[in-house]
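>>> Provided below are the primary sequence and the corresponding predicted coordinates.
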Amino acid sequence: MTSYQTPDSKKEEFRKYLEKSGVIDALTKVLVGLYEEPERPPNAVDYIKRYMGAPTGVDVEALRQDNENLRKEREELRSTINDLNARLTEDAAVQD
C-alpha cells in the first residue's frame, strides 16, 4: 500500500534533510558573512559562490566540451594501443 504524505510533511522531511546534511548551517554562515560585509558586493551570487568555494569566471560549457573531446581522444588512443598490441602479438607468433 502506498503511503500518502501531505505537502507539509514533505516540506518538514526536506527541511530535516537540509538541516541534517549541514546545508542550513552553511547557507546561514554565508548569508551572515554577506550581511557583515562593510561594502555590499556588486554581485551577491558570485560572493556566495566564492564563499562556498565554487570557482567563479569559469566557462562550464567549455569545460564540458573539453572533457568530452578528451574522452573521445582517450578512447581513440586505447583503440590504437589495442591494435598495436595485437600486431605485436601476431609478429611474435610469426617469428616463433
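Structure received.
>>> number of residues surrounding Val30?
17 (other CB atoms under 10 Å). Placement of C-beta: from N, CA and C, glycine included.
>>> kindly report the same for Lys29.
12.
>>> now swap in Ile24 and tell me
14.
>>> what sits against it?
By CB atoms under 8 Å, 6 or more residues apart in numbering, the contact list for Ile24 reads Arg15, Leu18.
>>> ok, it to Gln5 distance?
21 Å (CB to CB, to the nearest Å).
>>> list the helices and strands the helix or strand containing Arg15 packs on?
Using DSSP states H and E, Arg15 sits within helix 7-20. Here helix 7-20 touches helix 23-36, going by 3 or more CB pairs under 8 Å, 6 or more residues apart in numbering; DSSP states H and E.
>>> any idea of the angle the helix it packs on forms with helix 7-20?
Angle of helix 23-36 versus helix 7-20, following axes from the mean of the first three to the mean of the last three CA atoms, to 10 degrees, is 70 degrees.
>>> leaving out chain neighbours, which residue sits closest to Gly33?
Tyr51 (5.8 Å; CB to CB, 6 or more residues apart in numbering).
>>> burial count for the one you found?
For Tyr51, using other CB under 10 Å, the count is 15.
>>> for it, phi and psi?
Here is the backbone geometry of Tyr51 (degrees, to the nearest 10): phi -60, psi -40.
>>> try Asp83
phi -60, psi -40.
>>> tell me the spacing between it and Leu77.
11 Å.
>>> one more: Gly22?
Gly22 is 41 Å from Leu77, by CB to CB.
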